[in-house]
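Asker: what's the 3D shape of this:
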Amino acid sequence: MKGFYWKYLLAIYLLVARLSATAQTARYNLTDIGSLGGSSGIIRFICDTGVAAGTSTDTNGNSLAFAWYNGSFTNIGSVIGTAYPSDCIGVNSHNKVGVTANKGGGITNTYMYDLSASASQNTVGACLTENDEIFGMDSSNQPFRWKNSQLLELWQLGITTAFSPSAANKLGDIAGNNAYFHTSTGGDGSYPSPPGFYLNPYSSISTCGMNMLGDVIGQFSYSPYNYGYLYKVAKPNDVTGVGVALPLLGSATYARTYCINDQRQIGGTSGGRAVLWTISAKSIEIEDLNNLIPAGSGYTLTQANSINNLGWIGCRATYGSQTSYMVILKPN
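Answerer: Predicted structure coming up:
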């Protein structure tokens with residue numbers, strides 16, 4: 001009887017320990033948001049109000065821009081026209097969504113969607129800021145800023161070098177093509193001369209994101225490896241800083257960054273797994289997000305494509321034979 005008693009206590013202990021370990025590792029709950037009716041999609045952005053935006057296929061296989069909030073989809077692509085492939089380039093806390101649409105014949109238009117859509121003709125937008133600005137390239141292959149339905153080429157604001165914007169914030173910082181530009185502090189939106197500097201003079205950096213501190217993320221190659229990249233500013237609203245290669249996951253040789261928030265959490269992929277890099281004053285940590293969701297969910301997270309300042313993460317995931325589910329992780 002005594003032996004049975006101790007075996008019983010041991011079984012209870014092991015069960016409690018297993019449940020405790022599961023509770024400790026499941027730092028996020030997971031929500032499958034569905035799609036516009038098709039089989040694939042990607043959440044490119046999540047703003048702090050909880051609006052997610054990206055692109056999804058519909059039942060006819062059209063690739064269309066969408067916004068999602070609290071369980072409901074808005075099919076932005078259908079407003080522009082389902083015959084035209086569309087994609088999101090940003091969503092901000094004003095719930096405005098930047099969209100590009102291929103109109104055919106080599107023409108791409110950029111839209112600001114806010115109940116109604118207004119267009120900048122024959123432009124390719126790249127990013128949307130909290131100031132309701134869109135940066136991108138126009139039909140003359142010149143970088144532009146579009147605000148209040150007015151388009152200005154960036155050379156009019158002081159940027160005279162060849163430059164293709166890919167990320168910006170409301171402080172006036174812009175990054176792209178391995179270059180970084182910081183607006184003047186005069187409040188006129190212009191850029192000082194010389195207007196910028198190279199993020200890394202020894203390697204070509206492909207930039208893809210920026211936070212409100214002015215940190216820039218991207219990726220670069222150093223054969224045989226492909227690294228995620230962070231240009232970390234010394235202090236907010238200051239362009240001085242240092243560039244670092246982000247660690248790879250395990251024995252992986254490839255990593256890519258997609259998003260960064262103001263807490264210096266960076267989402268991306270490495271070795272085919274969705275990862276989260278956390279930057280502190282003393283270290284850079286990489287975690288496999290698959291280890292941080294409830295065990296037995298059946299989902300395999302492959303990319304962390306978007307993150308907001310609440311720590312919500314938009315991921316691409318597989319489930320069974322399906323390869324492009326859209327899920328949102330929220331911290332527990």
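
Asker: next SSE after the helix or strand bottoming out on mean pLDDT in the chain?
Answerer: Using mean pLDDT, DSSP states H and E, helix 2-25 stands out as the lowest-scoring helix or strand of the chain, at a mean of 40. Read in the C-terminal direction, the helix or strand following helix 2-25 is strand 28-32, with elements assigned using DSSP states H and E.

Asker: could you point out which element follows that following strand?
Answerer: strand 37-46.

Asker: direction included, what does that next one pair up with?
Answerer: Paired neighbours of strand 37-46 in the sheet (DSSP bridges): strand 52-58 (antiparallel).

Asker: residues touching the strand it pairs with, excluding its own?
Answerer: Outside strand 52-58, the residues that touch it by Cβ atoms under 8 Å, 6 or more residues apart in numbering are 33, 35-46, 63-69, 75, 77, 82, 86-88, 90-91, 97, 305-306, 314, 326, 328. For glycine as for every other residue, the C-beta is placed from the backbone atoms N, C-alpha and C.

Asker: repeat for stretch 67-87
Answerer: With Cβ under 8 Å, 6+ apart as the test, stretch 67-87 has contacts from 33-34, 36, 43-44, 49-55, 58, 60, 62-66, 88, 91, 95, 97, 99-104, 111, 113, 117.

Asker: filter those down to just the buried residues.
Answerer: 33, 36, 43-44, 50-55, 58, 62-66, 88, 91, 95, 97, 99-103, 111, 113 (16 or more other Cβ atoms under 10 Å).

Asker: surely Ser270 and Thr253 touch.
Answerer: No: using Cβ atoms under 8 Å, Ser270 is not in contact with Thr253; the gap is 9.1 Å.

Asker: the more surrounded of the two?
Answerer: For Ser270 and Thr253, the more surrounded residue by other Cβ atoms under 10 Å is Ser270, and the numbers stand at 24 against 12.

Asker: ok, now which ones touch that one?
Answerer: For Ser270, the contacting residues are Gly228, Leu248, Leu249, Ala252, Tyr254, Ala255, Arg256, Ile286, taking Cβ under 8 Å, 6+ apart as the criterion.

Asker: ok, now Cys315?
Answerer: For Cys315, the set of contacting residues under the criterion of Cβ under 8 Å, 6+ apart consists of 43, 267, 274, 289, 301-305, 326-329.

Asker: what strand or helix carries it?
Answerer: Assigned by DSSP H and E, Cys315 falls within strand 313-319.

Asker: buried stuff in that strand?
Answerer: Ile313, Gly314, Cys315, Arg316, Ala317.

Asker: what is the last one paired to in the beta sheet?
Answerer: To tie it back to what came earlier, the one meant is Ala317. On the basis of DSSP bridges, Ala317 is bridged to Leu301, Tyr325.

Asker: now it: how far from Trp277?
Answerer: Distance, Ala317 to Trp277, using Cβ to Cβ, to the nearest Å: 19 Å.

Asker: now swap in the third one and tell me
Answerer: In this structure, Cys315 and Trp277 are 15 Å apart, going by Cβ to Cβ.

Asker: now swap in the fourth one and tell me
Answerer: In this structure, Arg316 and Trp277 are 17 Å apart, going by Cβ to Cβ.
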